[in-house]
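>>> sequence and computational prediction follow.
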Amino acid sequence: MNKHFMTFLLICLLGLTIAACQNNSADEDQYEEQVESSFSDKKVIMVMVDSMMDHTLNHVIDEGEAPALQFLMENGQYYPDLIAPVPSMSVTIESTLLTGEMPDQHGVPGLSWYHEEDDRIVNYGTTWQFWLKNGFSEAAYDVLYRLNNEHLSDDVTTVFEELEEEGLTSGAINLIVYRGNQPHQLKVPLYLDEVTGLPETLETKGPDVLALGRVTNPEIIDDDEELPDGLFNRIGLQDEYSMEVTQQLIEQDDQPDFLFIFFPENDQETHKNSPSYTGGLQDAEEYLQGILNSYGSFEEALEENIFIIFGDHGQDQLLEAEEDIAIDLEDMYAKYNFSKLGDPVSQGEIAFGVNQRTAYIYDVHDDGLLPNLAEQALQDPRIDLVTWEEDDWVHVISPDHDGSLSFTEDGEWSDSYNQQWSIEGNKSILDLDKNGNEILYSDYPDALSHIMTALRSHDTPKIMLAAKPGHSFRTDGITIHEGGGEHGGLHKNDLEAAMIISGTEQRPEHIRIVDLKDYLLKLLIENPEPLDD
């Protein structure tokens, strides 16, 4: 995706070649023994194709351009509307999937957010301009270390951690969120100390197999094999690298019980072109074929594995001209003081955490600014929703609707995800319908949970704004994709992705990203399906 790409592209442009030292030979022998002894049932391969959506998937299949995806769809289950969490940015989505918790529990509020204790804006890689202004050293350390070792809450466990407790092995290829129990070391050359401020050695923990391009290649991979992880291959943060690492694990008979693979490039193409562009998905299809053919045939691959192929979010079609698209937060809140990027946030009254089609606006000193900040946002007709929490109630207003909607947990209303709510006010603001005491979602899937968990994901008083379709937010260092695609918001355009599950009859309880961890654990632990004789 573009967030990951910019993170590592900047490393490339500055000449950073980060070498990794993985497990020693004793650890490798232990890993191989686990693979041989731990599991005799179908393994699970999960492939996240960034921004894979129903309409583009069906188009490439109808045109005969996706035989692997078509084979898996025809021999499995298909879901056109897998729901991402909010903000619908990949770092939050990966955290939600791996922990089975929403942002209020896992603690990763978005791609960009205010870290009150550090008094700075955390940003995992929006643009190189943002990084240079906001502090390159801090940003590099956020991505390479803090995200998995500090920002992701210790109060939650990842699927990698839980599988190890059950004696099962796991792997992550090109995931930016990967926390597990196995130690891994990232070694930064000494001559980079002054450039990055990073220590010589970064110790982290991940699954048994951890591959993140040039940043860390698994030592279990044959040293004689050359991977596409050079500067001209985006240091490995690309689909081809993900495929080749997977192929080698399969061919060496070192495939873990659960392998999570990320194909990032479709997202980049969709941002640049439009949500209707299919070229990136056609490329991902070719690499998926490469993985399936590593078993000899598509059929043999499905005999040995359960495959879950899914998109992590949707994308909204932006307007053609930047001046029409961009909701400029600095102009909107010009009467307030806010610090420049890279300066302590507390020097200002307010601050911005921009996640493209949503934005956090912070009352930095808890001065009671939220009502005024909310009212100011209503002056721009491109704003879709304005949300904030007060006294355990979440409030939502909109330029297009009279009154307000307020809700909190528990109460007489239930939704299709077995969540209970108390709701007052104008339900049309969130396009809520009702059937008896059941709340039905439409344009804003799982909206009540999404808004509440985003607002509760970190403590500083804030409002959260959502842009109308066709628009996104702008502040210093934020890129606008004119005529292209964008996500991050609350609308179904941002949230709905496609998912194919093949090789099992078991179905997820709900079709949301947050429910996939429990589903994976059921597939691998609670009710494994034996291989055919």
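Yep, that arrived.
>>> show me what contacts T246?
45, 173, 259, 261, 291, 294 (Cβ atoms under 8 Å, 6 or more residues apart in numbering). The C-beta positions use only the backbone N, C-alpha and C, and glycine is treated the same way.
>>> these two touch, right, D402 and S428?
No - between D402 and S428 there is no contact under Cβ atoms under 8 Å: 9.2 Å.
>>> more neighbours: the two, which one.
Neighbours of D402 and S428, each counted by other Cβ atoms under 10 Å, are more numerous for S428; the result is 14 against 10.
>>> closest one of the contacts of T246 to G280?
I261 (15.8 Å; Cβ to Cβ).
>>> what's the average pLDDT for the one helix or strand the closest one maps to?
For I261, the element it lies in under DSSP states H and E is strand 258-263. The average of the pLDDT scores along strand 258-263 is 97.
>>> which residues are contacting that strand?
43-50, 159-160, 163, 168-175, 209, 239, 242, 246, 249, 284, 287-288, 291, 520, 524.
>>> tally of neighbours for D392?
D392 sits with 9 neighbouring residues when counted by other Cβ under 10 Å.
>>> which residues touch it?
D392 makes contact with T408 under the criterion Cβ under 8 Å, 6+ apart.
>>> name the helices or strands packed onto the strand ranked longest in the chain?
Identified as the longest strand of the chain according to DSSP state E is strand 405-414. In this structure, strand 405-414 packs against strand 393-397, strand 420-425, strand 438-440, helix 447-455, with contacts taken as 3 or more Cβ pairs under 8 Å, 6 or more residues apart in numbering; DSSP states H and E.
>>> for the ones you listed, which one ends up most surrounded?
Mean neighbours per residue, mean count of other Cβ atoms under 10 Å, is largest over these for helix 447-455, with a mean of 25.
>>> please export the C-alpha coordinates of that helix as PDB.
In PDB, the C-alpha atoms belonging to helix 447-455 read as follows (Å, rounded to 0.1, in the frame of the first residue of the first chain):
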ATOM      1  CA  ALA A 447     -20.900   2.600  12.200                       C
ATOM      2  CA  LEU A 448     -21.700   2.800  16.000                       C
ATOM      3  CA  SER A 449     -18.800   0.500  16.900                       C
ATOM      4  CA  HIS A 450     -16.500   2.100  14.400                       C
ATOM      5  CA  ILE A 451     -17.000   5.600  15.700                       C
ATOM      6  CA  MET A 452     -16.900   4.700  19.400                       C
ATOM      7  CA  THR A 453     -13.800   2.500  19.200                       C
ATOM      8  CA  ALA A 454     -11.900   5.100  17.100                       C
ATOM      9  CA  LEU A 455     -12.700   7.900  19.500                       C
END
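>>> re the thing from before, report the buried members of the contacts of strand 258-263.
Among the contacts of strand 258-263, those buried by neighbour count (16 or more other Cβ atoms under 10 Å) are 43-50, 159-160, 163, 168-175, 209, 239, 242, 246, 249, 284, 287-288, 291, 520, 524.
>>> which ones among these map onto strands?
Members of these lying in strands (criterion: DSSP E): 43-49, 170-173, 209.
>>> in this structure Y124 contacts L111, no?
Yes - between Y124 and L111 there is a contact under Cβ under 8 Å: 5.5 Å.
>>> the more surrounded of the two?
Y124 (26 against 22).
>>> give the contact list for that one.
3, 7, 91, 111-112, 139, 142-143, 147, 176.
>>> how about low-confidence regions in this structure?
Along the chain, segments meeting pLDDT under 70 span 1-40, 187-196, 214-217, 222-225, 227-237, 527-533.
>>> and the gap between the spatially closest residue to E164 that is not a sequence neighbour and T158?
Sequence neighbours aside, N181 is the residue nearest to E164 in space, at 4.9 Å (criterion: Cβ to Cβ, 6 or more residues apart in numbering). Taking Cβ to Cβ, to the nearest Å as the measure, N181 falls 9 Å from T158.
>>> same deal with D518?
Counting by Cβ to Cβ, the separation of D518 from T158 is 13 Å.
>>> now F307: phi and psi?
Dihedral angles phi and psi of F307 (degrees, to the nearest 10) take the values phi -110, psi 130.
>>> could you give the number of residues near E226?
9.
>>> got the end-to-end distance for stretch 501-520?
One end of stretch 501-520 sits 11 Å from the other (Cα to Cα, to the nearest Å).
>>> hmm, who's touching that stretch?
42, 44, 46, 72-73, 75-77, 79, 81-85, 93, 96-102, 159, 258, 302, 305-310, 312, 416-417, 446, 499, 522-523, 527, 529.
>>> angles on the backbone of G477, please.
Torsion angles, degrees, to the nearest 10, at G477: phi 90, psi 0.
>>> for it, list the residues it contacts.
G477 neighbours (Cβ under 8 Å, 6+ apart): 126-127, 129-131, 133-134, 341.
>>> what does E424 give?
The neighbours of E424, taking Cβ under 8 Å, 6+ apart as the test, are 405-407.
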